[in-house]
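Visitor: Generate coordinates for the sequence data below:
(one chain, ligands or ions: 1)
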Amino acid sequence: MSRQQIAAGNWKMNLNLIDAEKLTREVVDMRSDEYRGEAITILGVPFPFLGNVARLVKDTPGVYIAAQNMHQATSGAYTGEVSADMLVSLGVTHVILGHSERRAYFGEDEALLAQKVDQALAHGLKVIYCLGEQLEDRDAGHTLDVVKKQLAGGLFHLGAEAWANITVAYEPVWAIGTGRTASPEQAQEVHDFLRNEIKSAYQGAIAEACPILYGGSVKPSNAESLFAQPDIDGGLVGGASLKSRDFTEILKAL
Ligand code: PGA
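Guide: Coordinates of the predicted model:
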């Protein structure tokens, strides 16, 4: 079964408009000049730049735009928040939900994330749903229990048909922004576990088709060994996605 392979960047709260447009142009140019494969590129862009970046990529096949968050309500008195409909109107196709920084600093839990997932899907956005254990969980031998709860709590209320629009990203918190990467074997163990959980809750075909990305200090030097694992279908890349050369090398490792 060949699953969609994905190089997704998460710019987080970095760059200004000028830098964001420059980086986008570089990513697009390198993709057209150097990459002929089937993998897709997704750029996880800060809210203020989404419209500009979406315009820059709209004629480039295989490049999509993600927001890094959105609100769970359709519209209304939520000062400072951003709705799914607003994102769609800008040409955004994907939304990253449940990133560990959202969970840790903004108190997002599975009950809230399940609502955000529903709202995103109802507006035709594809979801990149993040999960991952803290270092204490891993040291205590609880990794699989933690990711199982995060996976089920955010996604297992969905009907089978919704899964065509779901990508899961396994991001061990201790590997995010630390330079410390999970070994390919550690990551593969969790990816295999997650796929089996999806298989038990739904059907084999849904689990086989769902891309599961690895995130946490992915860089050109480790991308190939991570992506060589049978259940790792690409990366969600933070720091290295801010450098067009590094991000392109990661794409080419798929
Ligand atoms: P990193 O971030 O690649 O800088 O570790 C990954 C992420 O948070 O998605």
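Visitor: Can you give me the distance of Lys252 to Thr24?
Guide: 18 Å (Cβ to Cβ, to the nearest Å). Where C-beta positions appear, they are placed from N, C-alpha and C, glycine not excepted.
Visitor: Look at the two and report which has more neighbours.
Guide: Higher neighbour count among Lys252 and Thr24: Thr24, with 25 against 18, using other Cβ atoms under 10 Å.
Visitor: my guess is the more buried one meets Val57, correct?
Guide: Yes: Thr24 lies in contact with Val57 (Cβ atoms under 8 Å); the separation is 6.5 Å.
Visitor: anything in contact with each of these two?
Guide: Leu43 (Cβ atoms under 8 Å, 6 or more residues apart in numbering).
Visitor: So what does Leu112 have for phi and psi?
Guide: Here is the backbone geometry of Leu112 (degrees, to the nearest 10): phi -70, psi -40.
Visitor: got it, and Gly234?
Guide: Here Gly234 shows phi and psi, under degrees, to the nearest 10, equal to phi 140, psi -170.
Visitor: Leu131 now?
Guide: phi -150, psi 170.
Visitor: go on, Val168?
Guide: Dihedral angles of Val168 (phi, psi; degrees, to the nearest 10) stand at phi -100, psi 140.
Visitor: what's across from it in the sheet?
Guide: Note on Val168: beta-bridge partners Tyr129, Ile212, judged by DSSP bridges.
Visitor: Neighbours of it, how many?
Guide: 26.
Visitor: how close does it sit to the ligand?
Guide: For Val168, the distance to the ligand (Cβ to the nearest ligand atom, to the nearest Å) stands at 13 Å.
Visitor: how much space between that residue and Arg3?
Guide: For Val168, the distance to Arg3 - Cβ to Cβ - is 11 Å.
Visitor: same deal with Glu136?
Guide: In terms of Cβ to Cβ, Glu136 sits 32 Å off from Arg3.
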